[in-house]
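Colleague: heads up, no residue letters with this:
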């Protein structure tokens, strides 16, 4: 039996207006559509064009590409010495054992790569050999795709292989799974992730509506089993680009025992301009958050410089030099004070 196309699935699920089918079909050729039953239930309960739907349901506007948008917006390819490895910073590498996700975020910056399945056995071996042969690597970050979409047996083997590399000090896992497929966080999966080295889990969440009871329970299972958890979010126009929405998200994450880590400025991936704000908007939001919510809830606002130059914090500055050892400092209300070094 022939597998259904992304467009056929969208039509069957009644998620695309009939007059948008042609454009959405083109969008799905650039980035496939996939959805979990858990997420579909949330989307079906939302009003149309709501915060969750916008993130995952393909739109006709995705086929519009701007001249400054890039196929490899953060420059992974120039920093990929072997298949499956991105080595941009001296002491850490990204290892992508799979390019498959249970769902595909429509603002994905790896849209050219995702959907292409797992690394072959030989490619994964070469990637692990690369880590073994580079003693400066202290941290291995599992990303993809979503590493928690791998079979539990494969995850256990992979974590075990990394654990055996003596100079690796910590493992980090970037995932959407606790949010979009919480039933996947089983005791078997949790056991597969445990090893002698500390394993940090960074969960991707962009709106407080994603943190329903099932997802909160999945996060609790991970935290209760000793996994420190951080969050990363993307600043998305029309979804979370105001201080009130982000405040609600960050507070809810902290209540789930997840420390807000990064708020990413939108990458210049092809067909994603409708999701991007300006840096000025992002800075204004971060400045407002500083005085409104606890320091526990503050993420770092980050820009991944196009073409592979790395991430830098781009939040507002509260310091202005007047002369040597003499500074103007703005407090969270915007009032300026003198500070002498």
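Modeller: That came in fine, so what should we check first? Everything numeric in this text was worked out from a predicted model, so none of it was measured.
Colleague: What are the boundaries of the helices in the stretch 201-341 of the chain?
Modeller: Under the criterion DSSP state H, counting those that start in this stretch, helices of the stretch 201-341 of the chain are mapped to 213-224, 243-255, 279-292.
Colleague: Out of those, flag the one nearest residue 110.
Modeller: Shortest separation from residue 110 across these is recorded for helix 279-292, at 21.5 Å, computed as CB to CB. The C-beta positions use only the backbone N, C-alpha and C, and glycine is treated the same way.
Colleague: residues in contact with the closest one?
Modeller: Contacts to helix 279-292, defined as CB atoms under 8 Å, 6 or more residues apart in numbering, come from residues 235, 241-243, 246-247, 250, 263, 265, 297-298, 301, 303, 314-316, 332-334.
Colleague: Taking their axis directions, it and helix 243-255 sit at what angle?
Modeller: Helix 279-292 runs at 60 degrees relative to helix 243-255, counting by axes from the mean of the first three to the mean of the last three CA atoms, to 10 degrees.
Colleague: Give me the buried positions along helix 279-292.
Modeller: Within helix 279-292, the residues that count as buried by 16 or more other CB atoms under 10 Å are 282-290.
Colleague: Kindly report the same for stretch 303-321.
Modeller: Burial within stretch 303-321, assessed by neighbour count using 16+ other CB under 10 Å, is assigned to 303-304, 308, 311, 314-315, 318.
Colleague: for stretch 217-236, same thing?
Modeller: Neighbour-count burial for stretch 217-236 [16+ other CB under 10 Å]: 218-219, 221-222, 227-236.
Colleague: Pretty sure residue 171 sits against residue 198.
Modeller: Yes. Contact between residue 171 and residue 198 holds when scored by CB atoms under 8 Å: they sit 7.3 Å apart.
Colleague: More neighbours: those two, which one.
Modeller: Neighbour count, other CB atoms under 10 Å: between residue 171 and residue 198, residue 171 has more, with 21 against 13.
Colleague: ok, what's across the strand from that one?
Modeller: Beta bridges link residue 171 to residue 140, residue 199, judged by DSSP bridges.
Colleague: how far away is it from residue 99?
Modeller: As defined by CB to CB, to the nearest Å, residue 171 lies at a distance of 19 Å from residue 99.
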